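K.L.:
Sequence and predicted structure, then a few things I'm wondering about:
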Amino acid sequence: MRAIILCAGQGKRLRPLTNSIPKCLVELAGKTILEHQVEVLKSCGFDENEISIVGGFNCQKLERFNIKVFTNKDYMETNMVHSLMTASEWFTDDILIAYGDIIFNQSTLETFLESKGKNKILVDLQWKKLWDKRMSNPLDDAETLKFDDKKNICEIGKRAKNYSEIMAQYTGLLFFSKDLAMELLSEFKGMDPKRIYDDNSFSNLYMTSFISYLIDRNWTFKAITTNRGWVELDTIEDFKLYQEIISMGGFSKIFE
């Protein structure tokens, strides 16, 4: 199995912390987001040769890590899907994909990796507990996510009008088995640029929009549920919130 961490973005909402460094190099509790991620990946059995980064903004600052770096040269005009396709040469194995602005604990990753499903996505049932701390109105940011009785995802990534449309929240962790990972690039290349599921252009395609497209193409994605165990570090307000939680109760408290 291989892990691909998508770290190409500038992280504008984390300025001034990201004025000169990629978002994944913001420090929390004495370590960068990337270091937290790599540490947990290694604790779950990955070695350095099985972990890669897709960089973009100030990509050269990622070279100090002894990890394979792919470069999305078009990071200013593109999004997560294009960054992922930059690492397509790694699609010859099972692949774990993680966003560069999330931190997850070991037990959460272990549960996800040990769960069944050729394609699977980690979703948080208790997401609102975190969103209520992060913002005054969670519906301004949260997206739809629905799955059936077999936990097959049937909707993801749309703008939510009410909480009934959100059975859980996407965490930024997903997995493709080897046989299906090898089809990802061809599916992407064959995608109709007009067939998108958000207000962005095809070049700026969101991952959830690509997943929605694949679901319409009869791909199955299992929702692997968790109750917290991860955080997203997206804004300067997030950073200040987590710093406060850590100062009061320690690093593990941010996952509760």
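P.N.:
Nice, I can see it.
K.L.:
how about the helices of the stretch 151-256 of the chain, start to end?
P.N.:
178-189, 207-216, 236-249 (DSSP state H, counting those that start in this stretch).
K.L.:
okay, now Gly100: neighbour count?
P.N.:
27 (other Cβ atoms under 10 Å). (C-beta placed from N, C-alpha, C; glycine too.)
K.L.:
is it true that it touches Gln10?
P.N.:
No. With contact taken as Cβ atoms under 8 Å, Gly100 and Gln10 are classed as non-touching, separated by 11.3 Å.
K.L.:
Need the residues touching each of those two.
P.N.:
Overlap between the neighbourhoods of Gly100 and Gln10 consists of 22-23, taking contacts as Cβ atoms under 8 Å, 6 or more residues apart in numbering.
K.L.:
For the closest residue to Leu214 other than its chain neighbours, give me the pLDDT.
P.N.:
Among residues not flanking Leu214 along the chain, Glu187 sits closest, at 6.4 Å (Cβ to Cβ, 6 or more residues apart in numbering). Reading off the confidence values, Glu187 has pLDDT 91.
K.L.:
With Ser43 as the reference, name the closest of the helices of the stretch 151-256 of the chain.
P.N.:
helix 236-249 (19.7 Å; Cβ to Cβ).
K.L.:
Report the helix or strand with the lowest average pLDDT across the protein.
P.N.:
The element with the least model confidence among the helices and strands of the chain, by mean pLDDT, DSSP states H and E, is helix 178-189, at a mean of 90.
K.L.:
Take the helices of the stretch 151-256 of the chain and lay them out in CSV including distance to Pro138 and mean neighbour count.
P.N.:
Output for the helices of the stretch 151-256 of the chain, formatted as CSV (distance: least, Cβ to Cβ, whole Å; neighbours: other Cβ atoms under 10 Å):
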stretch, distance to Pro138, mean neighbour count
helix 178-189, 31, 15
helix 207-216, 17, 20
helix 236-249, 13, 15
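K.L.:
Any idea which of those helices gets closest to Thr225?
P.N.:
Minimum separation from Thr225 across the helices of the stretch 151-256 of the chain (Cβ to Cβ) falls at helix 207-216, 16.6 Å.
K.L.:
That closest one packs against which elements?
P.N.:
Secondary structure elements in contact with helix 207-216, counted by 3 or more Cβ pairs under 8 Å, 6 or more residues apart in numbering; DSSP states H and E, are helix 80-86, strand 153-159, strand 169-176, helix 178-189.
K.L.:
Show me the shaky parts of the chain.
P.N.:
For the chain, the stretches with pLDDT under 70 are 193-201.
K.L.:
tell me, what residue is most central in it?
P.N.:
Closest residue to the average C-alpha location of the chain: Gly172 at 2.4 Å, with Cα atoms, centre = their mean.
K.L.:
Against Leu174, how distant is the residue nearest to that residue when sequence neighbours are not counted?
P.N.:
Spatially, and ignoring its direct neighbours in sequence, Gly172 is nearest to Tyr99 (3.5 Å; Cβ to Cβ, 6+ apart). Relative to Leu174, Tyr99 is positioned 9 Å away (criterion: Cβ to Cβ, to the nearest Å).
K.L.:
Thought Gln37 was touching Gln106, still the case?
P.N.:
No. Counting by Cβ under 8 Å, Gln106 sits too far from Gln37 to count as a contact (11.3 Å).
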